[in-house]
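1. pasting the structure only:
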């Protein structure tokens, strides 16, 4: 450690006047030297102390951000697990009434499970096959689309009313994923956010087509 004395500073001032003094690492001012600079209005630029202050100030902010991101991750993955169970509960409820419809829901659940695994592994996700109708096609199959029609108490009274409501509940749960993912992935600038969102939209749009078919619609109501 090198110490700069008042005498050293006097010699420097004689050679060339200065209004600021850079205090570099491994160099310290004696009390007399610091007082000498202060009396002459010379500003001391202590880079070492400034660096420590910045680190001390930023550490709590970093800890808060990491804690928030950890909480968002937990919230998002817990939501994914809940929806996976909801797929199975929906299929189980439908099984005694309509085996074919229950099988369709199980098939969609397999796709959702692959999305859930890809979220953790950051892997790729295969596209869901699109069965085109008048409102949904290969072009918009991965986009966020409005519901084909509003589900009301009228649908509850239909013969397939319960199945319509179950499918709609599942669709609503999937529609909640986008804001969860957006809050988490866009802040962390994850590259696979768009892919996850597109694959979830494919599931949502497939459910919309199922709802339409169960409701007895021969023509898309979009």
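-> The structure has been received and is ready for your questions. Just so it is clear, the structure is predicted and the values come from calculations on it, not from any experiment. Numbering: from 1, shown residues only.
2. so where's this structure shaky on pLDDT?
-> By pLDDT under 70, the weakly predicted segments of the chain are 1, 47-59, 61-62, 65, 185-192, 217-222.
3. nearest residue to the residue positioned nearest the centre of the chain in space, please, no chain neighbours.
-> Centroid-nearest residue in the chain, with C-alpha atoms, centre = their mean: residue 184, separated by 1.8 Å. Distances taken as C-beta to C-beta, 6 or more residues apart in numbering put residue 72 closest to residue 184, at 4.5 Å, once the chain neighbours are dropped. For the C-beta atoms, the positions are set from N, CA and C on the backbone; glycine is no exception.
4. how close does the one you found get to residue 181?
-> Remark: distance between residue 72 and residue 181 (C-beta to C-beta, to the nearest Å) = 10 Å.
5. and these two? which has more neighbours close in?
-> When residue 72 and residue 181 are compared for neighbours, residue 181 comes out ahead with 22 against 17, by other C-beta atoms under 10 Å.
6. wait, that one sits on residue 198?
-> No: look at residue 181 against residue 198 with C-beta atoms under 8 Å: they stay out of range, at 11.2 Å.
7. show me where the protein has strands.
-> Along the chain, counting by DSSP state E, strands occupy 2-4, 20-23, 27-29, 43-46.
8. distance to residue 63 and mean neighbour count added to those, as TSV?
-> Converted to TSV, the strands of the chain look like this (distance: least, C-beta to C-beta, whole Å; neighbours: other C-beta atoms under 10 Å):
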stretch	distance to residue 63	mean neighbour count
strand 2-4	36	12
strand 20-23	30	14
strand 27-29	31	16
strand 43-46	26	14
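9. make TSV out of the ones you listed and add distance to residue 173.
-> Below are the strands of the chain laid out as TSV (distance: least, C-beta to C-beta, whole Å):
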stretch	distance to residue 173
strand 2-4	67
strand 20-23	60
strand 27-29	63
strand 43-46	57
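10. coming back round to it: tell me the contacts of the residue nearest to the centre of the chain?
-> Residues in contact with residue 184 (C-beta atoms under 8 Å, 6 or more residues apart in numbering) are 69, 72, 73, 76, 190.
11. how near is residue 119 to residue 80?
-> 7 Å.
12. how about the helices in this structure?
-> Taking DSSP state H as the criterion, the chain carries its helices at 6-15, 31-39, 47-94, 99-121, 153-156, 161-175, 177-188, 193-214.
13. of all the ones you listed, which lies closest to residue 133?
-> Judged by C-beta to C-beta, the one of the helices of the chain that comes nearest to residue 133 is helix 193-214, at 6.0 Å.
14. now for the closest one, which elements pack on it?
-> Identification of packing neighbours for helix 193-214 by 3 or more C-beta pairs under 8 Å, 6 or more residues apart in numbering; DSSP states H and E yields helix 99-121, helix 161-175, helix 177-188.
15. to residue 43, which of those helices lies closest?
-> Taking the helices and strands packed on helix 193-214 one by one with C-beta to C-beta, helix 177-188 is closest: 38.7 Å.
16. ok, back up a step: tell me which of the helices of the chain sits most buried.
-> Each of those was scored by mean neighbour count; the highest is helix 193-214, a mean of 20, by mean count of other C-beta atoms under 10 Å.
17. tell me what angle that one forms with helix 99-121.
-> Between helix 193-214 and helix 99-121, the angle comes out at 170 degrees (axes from the mean of the first three to the mean of the last three C-alpha atoms, to 10 degrees).
18. list the contacts of the residue nearest to residue 197 when sequence neighbours are not counted.
-> In this structure, residue 197 finds its nearest non-sequential neighbour in residue 178, 5.9 Å apart by C-beta to C-beta, 6+ apart. Counting by C-beta under 8 Å, 6+ apart, residue 178 makes contact with 144, 197, 200.
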